[in-house]
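predicted model and sequence below, questions to follow.
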Amino acid sequence: MKLGVIAERLGCALEGDAETEITGVAGMEHASETQLTFLANPKYAHKVRHSKAGAILAAQPLALPTLVSKNPYLDFARALELFYQPPRPVAGVHPTASIAPTARIGEGASIGPYAVIGNRVTIGRNAVIHPHVVIYDGVTVGDDFLAHSHAVVREHCRIGNRVVLQNHVVIGADGYGFAKRADGSHYKIVQSGPTILEDDVEVQSLTNVDRATVGETRIKRGAKIDSLVQIGHACTVGEDNIICSQTGLAGSSILGKSVLLAGQVGVSGHLTINDNAIIYAQSGVGHDVEPGAVMSGSPCFDAATWRRSIAAFPKLGDLLKAMRQLERRLETLENNGQQQSV
């Protein structure tokens, strides 16, 4: 594809030869003479002179032919789509799929081998349901649904439009709820509330979003949940949240809009993380978090204070040693002073 055509498709200004042929896209270190790369963070600008890329997406003209973009990372993602689209199965129902007679499937759907769709299920237009997906009774799904192999949607859950479930996702499994009997044994609490995924939610592989004991578990519009994440029962995940891998939310946690939880964050139950908060990796959240706060540590506190504290941590042994030496010197001075006064 000509570089000029790519610039036109992306709406970018071009600094360079519009006739340059581009065959694909790649990262800066691996791009060849016929590939397009990008520079999103100016601190990596020094790497551009070592790149063999045929052109680059950047915020300003560089040594390479440049597509000048207001958002190079976003336009790089859009450029990828010009060269690669995941294969889409043809519309139709595979003969080995099991679809209940009361299920309603929208036009344009593709349902793969050994998929199972239960009673009273409603699925919108243009769904792609890959092999071995299971959708329990009473589920409602919107348009343009994409479920990869072995994804499961449990009974009575509700899924919006343009939702993507990656492999082995479980939506609406039982929340972890038990009542202790007098003899110390545990009585299982029925998990009656559905899980609801609003429009444009994507859930990555091997992630669980549990159903609620009562009420609902809700993942709001545009939230993106990474692999190996646990969302406990009756949680609310706000619009446009980013939740990274190996994060766990205990029951009834509430996340506001545009919250970012980095990898391996643990969130105690029954608390609120307010809008635009950022929680750094491996943090433990045990209290409410104010809007726009940036937190780190376990238990978490202000990230700037945490950085200063963690920088001092390796020096604590030396500081303690110096303190003890000072204490001994003070004791010596005090003893000498007492002797002189006598």
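Cool, the structure landed.

is it fair to say residue 322 lies in a helix?
Yes. Under DSSP: H, G, I helix; E, B strand; the rest coil, residue 322 falls within a helix.

pLDDT below threshold where in this protein?
For the chain, applying pLDDT under 70 flags the ranges 341-342.

all helices for it, in order.
3-10, 72-83, 303-312, 316-341 (DSSP state H).

same list (those helices) but as a markdown table, adding mean neighbour count.
For the C-beta atoms, the positions are set from N, CA and C on the backbone; glycine is no exception. Output for these, formatted as a markdown table (neighbours: other C-beta atoms under 10 Å):
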| stretch | mean neighbour count |
| --- | --- |
| helix 3-10 | 18 |
| helix 72-83 | 17 |
| helix 303-312 | 12 |
| helix 316-341 | 10 |
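
which one of these lies closest to residue 176?
Of all the helices of the chain, it is helix 303-312 that lies closest to residue 176, at 30.1 Å by C-beta to C-beta.

quick one: the closest one to chain centroid distance?
26 Å (C-alpha atoms, centre = their mean, to the nearest Å).

counting by contacts, list what it packs against.
Helices and strands touching helix 303-312, by 3 or more C-beta pairs under 8 Å, 6 or more residues apart in numbering; DSSP states H and E, are strand 294-296.

give me the contact list for the strand it packs on.
277-280, 283, 285, 289, 301-304, 306-307 (C-beta atoms under 8 Å, 6 or more residues apart in numbering).

do the same with stretch 311-328
Counting by C-beta under 8 Å, 6+ apart, no residue outside stretch 311-328 touches it.

dump that stretch to CSV, restricted to CA.
Only the C-alpha atoms of stretch 311-328 are listed here, as CSV (Å, rounded to 0.1, in the frame of the first residue of the first chain):
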residue,chain,number,x,y,z
ALA,A,311,13.8,4.7,47.5
ALA,A,312,14.7,5.0,51.2
PHE,A,313,13.8,1.4,52.0
PRO,A,314,17.1,-0.3,50.9
LYS,A,315,19.0,2.3,53.0
LEU,A,316,17.1,1.5,56.2
GLY,A,317,19.8,-0.8,57.5
ASP,A,318,22.5,1.8,57.1
LEU,A,319,20.2,4.5,58.6
LEU,A,320,19.5,2.3,61.6
LYS,A,321,23.2,1.6,62.0
ALA,A,322,24.0,5.4,61.8
MET,A,323,21.2,6.1,64.4
ARG,A,324,22.6,3.6,66.8
GLN,A,325,26.1,5.1,66.5
LEU,A,326,24.7,8.5,67.2
GLU,A,327,22.8,7.2,70.2
ARG,A,328,26.0,5.7,71.6
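
so how far is that stretch off the chain centroid?
Worked out by C-alpha atoms, centre = their mean, stretch 311-328 lies 41 Å from the chain centre.

quick revisit: TSV for the helices of the chain, including distance to residue 51?
Listed next are those as TSV, based on distance: least, C-beta to C-beta, whole Å:
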stretch	distance to residue 51
helix 3-10	15
helix 72-83	14
helix 303-312	32
helix 316-341	43
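
and residue 297, what does it touch?
Taking C-beta under 8 Å, 6+ apart as the test, what residue 297 contacts is 280, 283, 284, 306, 309, 310.

do residue 283 as well
For residue 283, the contact set (C-beta under 8 Å, 6+ apart) comprises 262, 265, 266, 295, 296, 297, 298, 300.

separate out the buried members of these.
Among the contacts of residue 283, those scoring as buried are 262, 265, 266, 295, 296, 297, 300 (criterion: 16 or more other C-beta atoms under 10 Å).

pick the one among these closest to residue 330.
When these are compared against residue 330 (criterion: C-beta to C-beta), the nearest one is residue 297, at 33.2 Å.
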